[in-house]
Structure formats: C-alpha cells, structure tokens
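Asks: Output the structure for:
(2 chains)
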Amino acid sequence: MEEVKSLNFLEEIIEKDIKAGKYKEIVTRFPPEPNGYLHIGHATSICLNFGLTKKYGGYTNLRFDDTNPVTEETEYVDSIKDDVRWLGFEWKNERYASDYFPQLYEYAIRLIKKGVAYVDDSTSEEIASMKGTPTEPGRNSPYRSRSVEENLDLFQRMKKGEFPDGSRTLRAKIDMAHHNMLMRDPVLYRIKHAHHHRTGDEWCIYPMYDMAHGQSDSIEHVTHSICTLEFVPHRELYDWLIEHLEIFTSRQYEFARRNISYTVMSKRKFLQLVNDKHVEGWDDPRMPTIAGLRRRGYTPESIREFCDRVGIARREILADVGLLEFCIREHLNKIALRRMVVFDPLKIVITNYGSERSNVKGEMVAGMIDAKGQMGETRNEQPVTSNEEMVQSENNPEDPDSGYRAIPFSSELYIEREDFMENPPKKWFRLAPGQMVRLKSAYIIKCDEMIKDENGKVTELHCSYIPESRSGHDTSGIHVKGTLHWVSVKHAITCEVRLYDRLFRVEDPSSEEGDFKDYINPDSLHIVKAAYAEPSLMHARFDERYQFLRKGYFCLDKDSSESAIVFNRTVTLKDSWKPSAFKGSKSEP
RNA sequence: UGCCCUGUGGUAUAAUGGUAGUACGUCAGAUUCUGGCUCUGAAUGUCAGGGUUCAAAUCCUUGCAGGGCAACCA
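Replies: The predicted structure follows:
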C-alpha cells in the first residue's frame, strides 16, 4: 500500500487549477533581490517554487527583482545562482525585472492613458502626510486631477531626465480613503539618477515593487506567484494592476516565512553580525546562510529534507533547529566515512604488548588494506614491527560497499581524556581503574595503573591487553559495555578542529528585550588547535564527509592547506548518555 | 483601538462535518565492537465561551492571544 501523503495548501490549489483545466502548465519563479546572500529561509521558497513545478509539470524561472539600483550588486547575483544550483535546482530562464523596464514603461503609459495614473509633484513628506492613517482616510493630492495629456508629457519628461531625484512620482489613481493603505494612490515610479548594475545609466526612473513584480510575473506567464505573508496586503494592488493593464492573470499566494530557533533570519541582522565581527563573514559556519551551512558541512539533501518536513502554512512559525540537526544527521549517517580522532589526549601504554604477540602477526599484515582506495595507498604503511600492527575498521557500517581501512595500532595510544574517570559514577562503561573497555576495531584492554603528576593530575595510564580479543578474531569470551576510539601516538597526525554550537543562547533572539546581539552565545566556537587523527585523514577530501567516531560529523574546511588540516564540526552525534548526577550542556568542553 | 492574516501535544504539520494522526523532541526499555544507527513502548494537543447539527478542530458568533499594514525598500 502506498502511503498517501497529504497535500499542503498550495498543492491543493494547484491540483484544483489543473483539474479545472485552468493552465496547460504550471509556471513559478524564485524572485530574490540581489542585495544579500541567501539563507535557509529562502531555501523554503526555492524548494517550494522549484518543487511544485517539478511535481506538477512546468518550469520555474530565476528572476532577480532588481528595481532598486542603489542597493543591488552583481556580486550577489552570482552567489545567489551558486546557492540555488548547490541546493540542486535548475531554472528554465534567468530573468531580471530590469529586462522589462521598457515594457513596464509602456504599461505605465497605458495606465496614464486610461486615466488611472497621474504624475504627482508632491514631496515624499507631503505624500506621507496626505496618506492618512490606518484609522483615518487620506486626502487627495492637488495634482490628482491633471489631464491625461499633461500626465503623459510630464511622465515622458521624467524619463528623459528633466527633473531631479524625488521631485515627482507617478502614482496610481485609486482611492485615498481605501481601508488598505497600499491602495491609497500608491507610488508606481520614482526618479533616481543612479547607476544600475545591468542597465547602467539608461534609466533615471525606476518602477516600485508593486509596479514591477506582478507585471514581471504576468510577462513570464507565471501562474502561481508564491511569496511570504508580508505581501498579503499587496495582493489587492497586484490584482488591481493586472486588471487595469489587461494582461495575463498571474495569481499571488502567500505562505509564512520560516524562522528557526536559536538564530536570526534577516539580511540586516546578518550584516550586523558580520560588521561587528561576531562571525567571520557571510559564510561563517555558524551563519544560517546557505553559504554558511554549506561550509559547515550541511548537504543539499538534508536542507531539502528539512524544508519538506517542516512543511508550509499561513501562520508565523519558529521551527525547531533540532529538526534541521536531525535531517543532517540522518543523511550523514548514511554517507559519512568513519574515522577516529582524539581531541583531548590521554596517553595509555599497553605494557604487555609486543613481547606476547608473536603468533598473531603474520597473516593479518598482508591483504589487510582494502578500504576502497581510501587510505589504500601503501604510502602510510609503517614498517610493521613487533610493537605495532595494522587493524582493519569498517568505513561505514551503514554502507556495506564502503569497505575497510587499515589503522596502525601500537603499544602507545591516545584515548580521549574524558573517557577515563578515576572515580566513575554508576553505569560508567568507559575506562576506570581496574575496568575493561574495547578499543574500537582492536583489543580489549584493562586499566592497571594511573600515573599522576605532582598536582595529582592523571598523565598516563598503564594498561594490559587481551591478545585473544582482537576484533574479528575474538576468542576471549569477554564482553565489555564500552568501546573507545583511539589513535596510535607514533602514527597520529595532527589537525585543527572547529567545534560549533548555536549562535544564540535563546530560542528567539529577535523577540527578546533589547538588542538581539545581547543574546549571542559566547561559546559558539571552540577550537581544538591540535587534535590527533588516524593517518588516513591526511588525505581528507572536500567532497567527503566524516564521522569522527563518538564525536560527531565533520568536513574539511576551506582554510585547510597542505601543511594544516582544518575540520569543521557539522553537528554532534546524538548523545543519550547522561549520568543522572550531572546532565550538562551538549556543547563540547 | 480601523482593516487584514493566523490560532491543533514542547515544536512543526495532517484530519476538507464522521475514530484527533504523523514527524522531531522528551521519557522508559531492547539491541549494539560508536552511550551513534536500528527496534519497542509511554506521556503530552484542537485558545475560550455560546450557537447550528444525530455529529464540530472543521460551519456561525462573541471574546482572547499572536502577527501584519501609514518606505519615492523588496
């Protein structure tokens, strides 16, 4: 039985339209203004617009809403295109509202000729003062009753550049007492002698959003123009203009913008975070920008899955960042290569290793390297002496085809300091005096002796290993609850690891008292300068994802170089271990 | 104190007059050479009052709560 997936309200509308034979194909558009980077909120809109036409047949245009020359730049156009493609979508046509400036100008003339638009000489202050308030009607402008001929003449001269910025506007003639403020003779065109990133100095009058967006939709025969809730009041004007222009009827539908807990979601706030150096840039891995998430190690699949799972509706929402984290864990669990890295080392010496193991060596050494070419190259095979050997470990238990890799094991190892406790609580499965644990893919060891410095700090552990407990050949009959990750002291490579936590301490920084920046999490970044990694990580690649066993999911950062490897933590592993006594924060030390 | 939009477990989303379901989270347990994954179970919900109806989350009504609207921004 196929599971019936319920439809969201837009899918319902579209299915109804298709059944009614209203359109022969569905056309949508993703309409960013090229004045900033895309964030995960935009991803919703992208997934919706592209997803709908993919599902129902039709296409989606990428249209830059570039009607304000003073804020828009080509740099943003490029980054937006990158981000959309990275998310996995391809548009049919790349368009710009500015492509339509000549057509839009003709539309304006059409409105003037119909007597429903006029040139107003009032200043912006005067227009504002005549607008009224939500509870009081506005007053007609003294220029409202100009003749069609005069309006035509004035508007054409506006275009020619005869008037200075702000001296005149073209306004729709609707109703200054309208209950919808946007219908009180909205400004359609303004004078701006500014250089435009595409049209250069060709124009000195620019259409306002309402005069450009719906008309661009109509020109492109967009059937379903999807936008966020703040445009609901604009719909009346959207429809009014299309009706009076007598052009293709596009319809606007609104859904709620998506906010996510423990972060902010506005270009203005991002800019402050960057300018005030709370983050290092638009692509800082803590930023909810697409670029930031990408650098953090999020996959397009996980973001699409997140958008899908949250769904859409018409009420303001604050989605749980935990769901985003669930989505990336779910994907990474399937694809990440398992590796071992120790962040905070505690040295252990296996006192009986070497002398007692004459018979376990031979057969394992040859043919042990498989690992799907991962680390297969024999380059880092150290000479195998009686004090060391290679062990095999699966690259990904979730993916049988991922093969195995070889890891050098020796008598001197590092384990995680937090995996040892001198006086452990109940149900402590890790190392403690006299207690046994398994070293992943290697042997079971027992902690015999602690070495401390003069301050009483444990500096080293002396352990003994059980030769019969080798992974895959365990005949010891011993069962231990805990398995630790480890790395051989002699073979370890060092790398930098950047551990990220949520950027804010509160769920909804924007709704708190005072400045949202007061709620920044001071510990959102913790850098481990020198972590000890198994040698295969020397060849880490940008297109691979890693799970550092028991630590989380990681990816290579762009700051990496030949001599210095840097990893970003995408997300921690889910951690259900909680000693009842101290249920601490989830963040790393 | 005008107009518009919206109220379903902690979060998000279904149920389109007919058994309030799903996912994440939480809690408990099983399993485990990752305290991961996987599996099992549990708790928690229709904003409030009134009305229509055999039957209301759904329709009507009155409140209440949240959001939006007075840029030559989009």
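Asks: Distance of the closest residue to residue A:420 other than its chain neighbours relative to residue A:483?
Replies: Excluding the flanking residues, the one nearest residue A:420 by C-beta to C-beta, 6 or more residues apart in numbering is residue A:431, at 4.5 Å. Where C-beta positions appear, they are placed from N, C-alpha and C, glycine not excepted. Taking C-beta to C-beta, to the nearest Å as the measure, residue A:431 falls 11 Å from residue A:483.
Asks: These two: which has the busier surroundings?
Replies: residue A:431 (25 against 18; other C-beta atoms under 10 Å).
Asks: looking at it, the more buried one is touching residue A:419, isn't it?
Replies: Yes: assessed by C-beta atoms under 8 Å, residue A:431 is found in contact with residue A:419 at 5.8 Å.
Asks: who touches both of the two?
Replies: A:437, A:484 (C-beta atoms under 8 Å, 6 or more residues apart in numbering).
Asks: list the buried ones in the host helix or strand of residue A:327?
Replies: Residue A:327 is part of helix A:321-335, with elements assigned from DSSP states H and E. For helix A:321-335, a neighbour-count test (16 or more other C-beta atoms under 10 Å) marks A:321, A:324, A:325, A:326, A:327, A:328, A:329, A:331, A:332, A:333, A:335 as buried.
Asks: do the same with stretch A:17-35
Replies: Result for stretch A:17-35 [16+ other C-beta under 10 Å]: buried residues A:17, A:18, A:23, A:26, A:27, A:28, A:29, A:30, A:31, A:32, A:33, A:34.
Asks: for stretch A:169-186, same thing?
Replies: Within stretch A:169-186, the residues that count as buried by 16+ other C-beta under 10 Å are A:169-174, A:176, A:178, A:180, A:182-186.
Asks: Phi and psi next, for the residue nearest to residue A:420.
Replies: Dihedral angles phi and psi of residue A:431 (degrees, to the nearest 10) take the values phi -80, psi 140.
Asks: Next up, the contacts around it.
Replies: Applying C-beta under 8 Å, 6+ apart, the residues contacting residue A:431 are A:415, A:419, A:420, A:421, A:437, A:447, A:461, A:482, A:484.
Asks: Now for the residues you listed: which two are most distant?
Replies: With C-beta to C-beta as the measure, no two of the contacts of residue A:431 lie farther apart than A:461 and A:482, at 14.4 Å.
Asks: Mind checking which of those two has more residues around it?
Replies: Under the criterion of other C-beta under 10 Å, the comparison of residue A:461 against residue A:482 puts residue A:461 first, with 21 against 15.
Asks: Would you verify that that one is located in a helix?
Replies: No: Residue A:461: not assigned to a helix; according to DSSP: H, G, I helix; E, B strand; the rest coil it is strand.
Asks: returning to what we had before: what helices and strands are in contact with the helix holding residue A:327?
Replies: Contacts defined by 3 or more C-beta pairs under 8 Å, 6 or more residues apart in numbering; DSSP states H and E place helix A:321-335 against helix A:300-310, strand A:552-556, strand A:566-571.
Asks: Can you give me the distance of the single nearest residue of chain A relative to RNA strand B to residue A:75?
Replies: Residue of chain A nearest RNA strand B, by C-beta to the nearest atom of the strand: residue A:471 (2.4 Å). Per C-beta to C-beta, residue A:471 is found 53 Å from residue A:75.
Asks: ok, these two, which is more surrounded?
Replies: Set residue A:471 next to residue A:75 and count neighbours by other C-beta under 10 Å: residue A:471 wins out with 16 against 11.
Asks: Now do the contacts for the more buried one.
Replies: A:391, A:392, A:393, A:438, A:440, A:441, A:442, A:443.
Asks: Max pairwise distance over those: which two?
Replies: Using C-beta to C-beta, the contacts of residue A:471 span at most 14.8 Å, a distance reached by A:392 and A:438.
Asks: next SSE after the helix or strand residue A:415 falls within?
Replies: Secondary structure assigned from DSSP H and E places residue A:415 in strand A:412-416. Proceeding N to C from strand A:412-416, the next assigned helix or strand is strand A:436-439, under DSSP H and E.
Asks: Direction included, what does the following helix or strand past that next one pair up with?
Replies: On the C-terminal side of strand A:436-439, the closest following helix or strand by DSSP H and E is strand A:444-452. Strand pairing for strand A:444-452, using DSSP bridges, gives strand A:436-439 (antiparallel), strand A:458-465 (antiparallel).
Asks: pLDDT weak spots in the stretch 451-589 of chain A?
Replies: Counting by pLDDT under 70, the stretch 451-589 of chain A contains low-confidence residues at A:579-589.
Asks: May I see the buried residues of stretch A:17-35 organised as JSON lines, with distance to RNA strand B, pLDDT and secondary structure added?
Replies: Formatted as JSON lines, the buried residues of stretch A:17-35 follow (distance: C-beta to the nearest atom of the strand, whole Å; pLDDT from 0 to 100; DSSP: H, G, I helix; E, B strand; the rest coil):
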{"residue": "A:17", "distance to RNA strand B": "14", "pLDDT": "93", "secondary structure": "helix"}
{"residue": "A:18", "distance to RNA strand B": "15", "pLDDT": "92", "secondary structure": "helix"}
{"residue": "A:23", "distance to RNA strand B": "20", "pLDDT": "93", "secondary structure": "coil"}
{"residue": "A:26", "distance to RNA strand B": "18", "pLDDT": "96", "secondary structure": "strand"}
{"residue": "A:27", "distance to RNA strand B": "19", "pLDDT": "97", "secondary structure": "strand"}
{"residue": "A:28", "distance to RNA strand B": "16", "pLDDT": "97", "secondary structure": "strand"}
{"residue": "A:29", "distance to RNA strand B": "12", "pLDDT": "97", "secondary structure": "strand"}
{"residue": "A:30", "distance to RNA strand B": "12", "pLDDT": "97", "secondary structure": "strand"}
{"residue": "A:31", "distance to RNA strand B": "7", "pLDDT": "97", "secondary structure": "coil"}
{"residue": "A:32", "distance to RNA strand B": "8", "pLDDT": "96", "secondary structure": "coil"}
{"residue": "A:33", "distance to RNA strand B": "4", "pLDDT": "95", "secondary structure": "coil"}
{"residue": "A:34", "distance to RNA strand B": "9", "pLDDT": "95", "secondary structure": "coil"}
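Asks: can you tell me which two in those are farthest apart?
Replies: Farthest pair in the buried residues of stretch A:17-35 (C-beta to C-beta) is A:18 and A:34. Separation: 32.6 Å.
Asks: tell me the pLDDT at the most centrally placed residue in chain A?
Replies: Nearest residue to the geometric centre of chain A (C-alpha atoms, centre = their mean): residue A:293, 3.5 Å. With respect to pLDDT, residue A:293 scores 98.
Asks: wait, doesn't it sit right on residue A:40?
Replies: Yes: with contact defined as C-beta under 8 Å, residue A:293 reaches residue A:40; the gap is 6.5 Å.
Asks: hey, what's in contact with both of those two?
Replies: Common neighbours of residue A:293 and residue A:40 (C-beta under 8 Å, 6+ apart) are residue A:303.
Asks: Count the residues that sit near the residue nearest to residue A:334 when sequence neighbours are not counted.
Replies: Leaving out its chain neighbours, the residue that sits closest to residue A:334 by C-beta to C-beta, 6+ apart is residue A:398, at 5.4 Å. Residue crowding around residue A:398 was assessed by other C-beta under 10 Å; the count is 14.
Asks: tell me which element residue A:398 falls in.
Replies: For residue A:398, there is no enclosing helix or strand under DSSP H and E.
Asks: In this structure it contacts residue A:332, no?
Replies: No: taking C-beta under 8 Å as the definition, residue A:398 is not a contact partner of residue A:332, at 10.0 Å.
Asks: dump the residue contacts of residue A:283.
Replies: For residue A:283, the contact set (C-beta under 8 Å, 6+ apart) comprises A:37, A:289, A:291, A:292, A:294, A:295.
Asks: sec struct for it, please.
Replies: Residue A:283 is classified as coil under three-state DSSP.
Asks: same deal with residue A:273?
Replies: helix.
Asks: Just the strands from the stretch 1-150 of chain A, written as ranges.
Replies: Here the stretch 1-150 of chain A has its strands, by DSSP state E, counting those that start in this stretch, at A:26-30, A:58-64, A:94-96, A:117-120.
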